[in-house]
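# how would this look folded up:
(chains A and B)
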2 protein chains.
Amino acid sequence: MRRLQDLSRGTHAGVVTALAAAMLSLGAAPRDPERTPPSDYRFTADHRLEFPVDYREWIFLSAGRGMTYGASANPNGSPLFDNVFVNPRAYREFLKNGRWPDRTVFVLETRKAATEGSINKGGQFQKEVVGIEVEIKDRRLQETEGWGFFEFDGDRKPARQVAKGASCYTCHAAHGAVEQTFVQFYPTLIPVAMKHATFKPQP
Amino acid sequence: MRRLQDLSRGTHAGVVTALAAAMLSLGAAPRDPERTPPSDYRFTADHRLEFPVDYREWIFLSAGRGMTYGASANPNGSPLFDNVFVNPRAYREFLKNGRWPDRTVFVLETRKAATEGSINKGGQFQKEVVGIEVEIKDRRLQETEGWGFFEFDGDRKPARQVAKGASCYTCHAAHGAVEQTFVQFYPTLIPVAMKHATFKPQP
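Below is the predicted model of the structure:
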């Protein structure tokens, strides 16, 4: 891949090349447009969600450690880190109006923590992934009010939607600051939601 | 040796066009191309580094809490979180060859931590920013071996390069797993550096 700096000579071809490069920079190689949703998610024919392979190149929202509201709390071990990412298109929409568009997808990645390593002697840094949970907003998921949760195993095979009534649905519906999402824990998004008056009061 | 004045040279129109196209494809709203910094960094006429305003939309590398090797450790207060981001073009180059290209830029953002908030009852989540440090690779910085560090105050005004001999230079040179960067703490990059044999053995 050529560097962006090298791409454009001010020609149409240069811009097209730049766009191709930008797609590569998102991790999305050109694919069949009939089958490729724009950098968000895709279902298999038997209604399983495919693993979002490029989520580490999406927008990072925040990280926590040992937070107890999530399904990935690890009460019997060393507290885990969690990192939250959202697809770039949904992020851009949110910046404009403080709401999540259809086909929003969040990825919650949990990782082990370590203290001893290299020159680090205190605190904790992140190690290997121990779990991936995904939340999507999709108007077709009417049984679960337009939102769906999915948990991926280590093999990252396509995942079935978590059944209606599970705690993830009830907790996000009851406590999400914006729609069914925990914007209250994403510091760069809180002022956006405040500005657009989409931030629900927190008890 | 090239003079520092060279650092502030502007981008030419073709590059601006390519970058604008690339930002559009990344989901960015159109902006005034005259005001759009390239997605890495830019110097002022008096050799200060401008604040990288869009770093939160770059590639997230990892987060830590209370790590003691960095300049942002907070020994007298609650341990801080740190988040590390790198510009997308440099990330793409690194994936290909395990090395950082010229005009690589890392941002280390430190944030306060909180435990009590909303439904969270344990662990910690991130709050407001308390510091921003930037490291760049730029072949023009010959006095500091092609790498430069910059610390931004809360006002985010352009920052002078940290002077040669400061601990950030000596520590990164001595302990960086890849060139002068702490890839040993970025779990998704470790296997890339291993594959390309650019990962220095850790003591």
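# Can you get me the centre-to-centre distance for whichever strand or helix holds A:Arg92 and its chain?
When secondary structure is defined by DSSP states H and E, A:Arg92 falls within helix A:88-97. Centroid displacement of helix A:88-97 relative to its chain, using CA atoms, centre = their mean, to the nearest Å, is 13 Å.
# Please apply the same query to stretch A:139-159.
Put simply, stretch A:139-159 sits 13 Å off its chain's centre (CA atoms, centre = their mean).
# do stretch A:93-109 as well
9 Å.
# can you list the residues that contact it?
A:37, A:40-41, A:52, A:55, A:58, A:61, A:70, A:72, A:82-87, A:89-90, A:129, A:131-139, A:178-179, A:181, A:189, A:192-193, A:195-199, B:29 (CB atoms under 8 Å, 6 or more residues apart in numbering or on different chains). To be clear about C-beta, it is placed using only N, CA and C from the backbone, and glycine gets the same treatment.
# Describe which strands the strand ranked longest in chain A pairs with in its sheet and in which direction.
When chain A is parsed with DSSP state E, its longest strand is strand A:124-137. Applying DSSP bridges to the sheet, strand A:124-137 is found paired with strand A:104-114 (antiparallel), strand A:147-152 (antiparallel), strand B:59-65 (antiparallel).
# Which parts of chain A are helices?
Ranges of helices in chain A, per DSSP state H, are A:4-7, A:12-25, A:88-97, A:167-175, A:190-195.
# Lowest average pLDDT across the ones you listed?
Among these, helix A:4-7 has the lowest mean pLDDT, at a mean of 28.
# Would you mind measuring from A:Gln126 to A:Glu109?
Counting by CB to CB, to the nearest Å, the gap from A:Gln126 to A:Glu109 is 9 Å.
# got any residues that touch both of those two?
Shared contacts of A:Gln126 and A:Glu109 (CB under 8 Å, 6+ apart): A:Asn83.
# Please identify which of these two sits among more neighbours.
A:Gln126 (26 against 22; other CB atoms under 10 Å in any protein chain shown).
# Quick check: the more buried one vs B:Tyr186, distance?
A:Gln126 sits 9 Å away from B:Tyr186, going by CB to CB.
# Same check on A:Phe106?
22 Å.
# ditto for A:Gly123
16 Å.
# Domain ranges for chain A, per the record?
Domains of chain A are assigned by automatic domain parsing as A:1-30, A:33-195.
# got those as JSON lines, with distance to B:Ala113 columns?
Formatted as JSON lines, those follow (distance: least, CB to CB, whole Å):
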{"stretch": "domain A:1-30", "distance to B:Ala113": "30"}
{"stretch": "domain A:33-195", "distance to B:Ala113": "8"}
